[in-house]
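K.L.:
Pasting the sequence and the predicted coordinates here, then a few questions.
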2 protein chains.
Amino acid sequence: MTVPVRNKIKKLLTGELVGENVLAKGWVRTKRGNKHVNFIALNDGSTINNIQVVADPAIITEEVLKHVTTGAAISVVGKLVESQGSGQSVEIVAENIEVLGKADPEKYPLQPKKHSMEFMREVAHLRMRTNTFSAVFRVRHALSYAVHEFFHMKGFYNLHTPIITASDAEGAGETFHVTNFDLDNIPKTDEGKVDYKQDFFGKETNLTVSGQLEGELGAMALGEIYTFGPTFRAENSNTTRHLAEFWMIEPEMAFYELDENIQLAQDLLQYTVKYVMENCEDDLQFLSQRAQDEEKNKPQTERSEMTLMERLQFILENDFERITYTDAIDILKNSKPNKKKKFNYLIEEWGADLQSEHERFLVEKHFKKPVVIYNYPKDIKAFYMRQNDDDKTVAAMDILFPGIGEIVGGSQREERLEKLQKRMGEMNIPEEEMWWYLDTRRFGSAPHSGFGLGFERLMLFVTGMGNIRDVIPFPRTPDNAEF
Amino acid sequence: MTVPVRNKIKKLLTGELVGENVLAKGWVRTKRGNKHVNFIALNDGSTINNIQVVADPAIITEEVLKHVTTGAAISVVGKLVESQGSGQSVEIVAENIEVLGKADPEKYPLQPKKHSMEFMREVAHLRMRTNTFSAVFRVRHALSYAVHEFFHMKGFYNLHTPIITASDAEGAGETFHVTNFDLDNIPKTDEGKVDYKQDFFGKETNLTVSGQLEGELGAMALGEIYTFGPTFRAENSNTTRHLAEFWMIEPEMAFYELDENIQLAQDLLQYTVKYVMENCEDDLQFLSQRAQDEEKNKPQTERSEMTLMERLQFILENDFERITYTDAIDILKNSKPNKKKKFNYLIEEWGADLQSEHERFLVEKHFKKPVVIYNYPKDIKAFYMRQNDDDKTVAAMDILFPGIGEIVGGSQREERLEKLQKRMGEMNIPEEEMWWYLDTRRFGSAPHSGFGLGFERLMLFVTGMGNIRDVIPFPRTPDNAEF
């Protein structure tokens, strides 16, 4: 008998090959049975669904079967037939099984029982073999692909902005230092300062916190660009929403004003959510069920009124509510939780920074849909945002999502050289380090806009997972750079 | 008159909108003319081709026209008509021109004349506005998109492996340190050593040199994955082939053996080259012409026998030559340059590492096509490569391209725990730091393979550019982290 070519389990489950001899390879999820027959659930990562392998001990020896345990890698040749049992459409009647790699049941960490998410993080090198995490990372791929497809179809160019940088887009924010120095023996100047001239790049360098400033350079040449890369914050935040290393999508567009910027962000979010709904149905169904089970552990008042699938559908069907910061403050000032002093930070006057409790109130209680807040006070926003004529606000916009809070932050950029320089002066941003950024305003300046979308925030929304550490393969957080 | 919606110049040049009133925005490349008529070449980054704007001084005032200089950003409304002149099919008869941003001809660095590539690197924030670099970065986008499309269609998942890492895939290689310490004041232990326990991650961390090891974890769960992200080497190499920060594509596949690995790499290279040829015709024509012009500055003997377009076509039409390392050594040992002692490193015996001069000989002189060399001596390859039965070689493979040298390096991975541990011992790789990597061999191990493709090397091949600093937007090299 010649060995057939291997097919992925996703393909086998379509039933197209029923009646044929097939070859499948994968990892054993479970084995059950008796002395007459064994049923092996086999998964190869191509789909959340396992294929059932029927093994007759008269054909597959006990010597082989005893190593077919949860976690073992096996290769199966057999006939693909319509399934007799319920729960699956086709199954493989094994003619030969080869154990490629054993998994000692006494030692293999992922036995078929419920493990805590904390434990899963400790075995992040293996957790992708579970239903939950394989679904999460298949969705992550689909979402990532959808981002590229969206921008590509619109004529945007993917721009790889630098990771190591000597500038700091936010003018603030804690950055990681990058150095080639032996930290035990750092060269010093005569004045006893670190002698960065001797470092690899001849100056002090950091990991980027945003590709925006370089993205603007691209937009002012190529028209419409986007970045999709890792960004870094050295903030000592041990929360379910923060990572030290995370992926950002940052489009920048020449000739876009604020309203076109908002529309693009809405289109992107709707397109990617729709893409995942259409292409990851099995994974989303599983994750939706999982999220619903998790909800049951929460107090009644904190439970979501919608299932994951309903929340995703809802995003597609509703325009986002657009309100000015000033209107948002009015709503919040007059809201019940503000009047009854339920907010931790009471809203008393115009100019206050919005906290996550305020954002959630607006999105989840007041409007019950995604909210875009725009025209923020200039004093709570970055130097590069375009100043409005009122001299008080800037053309900034944040998009707030239910359960997530801020998922997008962006603005029209200040394209007028003098206004930009004046604002940089007020905010103590050194002009000499930003000569190249200012050059785009010196030569052929034009209105332009952009935003940043935190990819893991979007992942949280789409997968219904509760902790940002569970939507990136190997999370980096304070005291954790394992794997 | 209502203002029409803006269309990109690429769309306008298709001629679909001839006869309509159109709105174009972009940057002035050149302006020429006389007191009766002005011709403005306008570019917005959507294509290498400019649209011609015809400005009649009777309609567009001198006050406006005097600011329409090279580099200025303008907005043009006018009728799209079939062109009278040669060299373009359509043109805009301007009814209104607004100067969005001036570009003082005394100061704007990119005047319409030939600039050196060295100068262009100094103004990397503006060089994307030139024909050469806009073509390069449009091609970079297309090539990047083709990579994603190729893997997506094959059912691979894009895996975002970590950038900050406490491990070092190559077991060697100079890495950049990542730290949150104030370098002026590094905490020390009682023994006077750097106290990494106090650093952000509680241990010594670096920038990744490869996502392979984590990629293998993904493959051994999800089946087939690929990474596409930045990697880093702190090597003090000032060459036309090295960057401190560059992008790598690293697929890892469960159940693939070496020959399937080689085939995948060939398919990927052919697919992406074909994609760019089909989707970036104008840009490639320009770059091909540019490369041909550059060739003229080279001595006759160093000139390429083929044009860029011919080299690309050649890759599509020829299977790559697959030879063992042992055969390669035989060919080299008996080659003319070896016998005549023309090689800087003479090939004397089996076991020698191949230098770039040897690779180029095999590819450019001997086979005259891409060459895959496999089964290398284990002593010149990494610890994780699968040991062959001869006990001398490993199932490694490198793909060599004309003009580039090594473009892909990969192997079947050693999936047998004991053999891997023994090799790690021999090569002094600490097992305790790699417990998670070894776990994939402890639990459900299986044959698997992968490779790394240097994205900028592929860019050099596809664009015909001569220096790797010119195919990444903002290159990082020794003493240079500008922008």
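P.N.:
Now that the structure is in, tell me what you want to look at.
K.L.:
What lies in contact with stretch A:11-18?
P.N.:
Stretch A:11-18 has contacts (Cβ atoms under 8 Å, 6 or more residues apart in numbering or on different chains) with A:7, A:22, A:24, A:46-47, A:49, A:51, A:80-82, A:88-90, A:92. Backbone N, C-alpha and C define where each C-beta goes, glycine included.
K.L.:
Within reach of chain B, which of these are there?
P.N.:
Filtering the contacts of stretch A:11-18 for proximity to chain B by Cβ under 8 Å from any Cβ of the partner chain leaves residue A:46.
K.L.:
ok, so of the contacts of stretch A:11-18, who is nearest chain B?
P.N.:
Nearest to chain B, judged by Cβ to the nearest Cβ, of the contacts of stretch A:11-18 is residue A:46 at 5.6 Å.
K.L.:
For that closest one, I want the exact helix or strand it lies within.
P.N.:
Counting by DSSP states H and E, there is no helix or strand that carries residue A:46.
K.L.:
again with residue A:332
P.N.:
Counting by DSSP H and E, residue A:332 is found in helix A:325-333.
K.L.:
list the helices and strands that helix packs on?
P.N.:
Counting contacts by 3 or more Cβ pairs under 8 Å, 6 or more residues apart in numbering or on different chains; DSSP states H and E, helix A:325-333 is packed against strand A:371-377.
K.L.:
next structured bit after the helix holding residue A:332?
P.N.:
Of the helices and strands lying after helix A:325-333 in sequence (DSSP H and E), the nearest is helix A:336-339.
K.L.:
Pull out the buried positions in that next one.
P.N.:
A:337, A:338 (16 or more other Cβ atoms under 10 Å in any protein chain shown).
K.L.:
Give the rounded mean pLDDT of that helix.
P.N.:
For helix A:336-339, the mean per-residue pLDDT is 96.
K.L.:
Packing partners of the next helix or strand along the chain from it?
P.N.:
Toward the C-terminus, helix A:336-339 is succeeded by helix A:356-360 as the next helix or strand (DSSP H and E). Here helix A:356-360 touches strand A:405-413, going by 3+ Cβ pairs under 8 Å, 6+ apart.
K.L.:
any residues touching the helix holding residue A:332, and which ones?
P.N.:
So helix A:325-333 is contacted by A:323, A:338, A:347-350, A:352, A:354, A:358, A:361-362, A:366, A:371, A:373-377, A:393 (Cβ under 8 Å, 6+ apart).
K.L.:
10 Å instead, please
P.N.:
A:323-324, A:338-339, A:343, A:346-352, A:354, A:357-359, A:361-362, A:366-367, A:371, A:373-377, A:380-381, A:390, A:392-394, A:396-398, A:400 (Cβ atoms under 10 Å, 6 or more residues apart in numbering or on different chains).
K.L.:
State the three-state secondary structure for the residue of chain A positioned farthest from its centre.
P.N.:
The C-alpha centroid of chain A is most remote from residue A:58, which lies 48.7 Å away (Cα atoms, centre = their mean). For residue A:58, the assignment made with DSSP: H, G, I helix; E, B strand; the rest coil gives coil.
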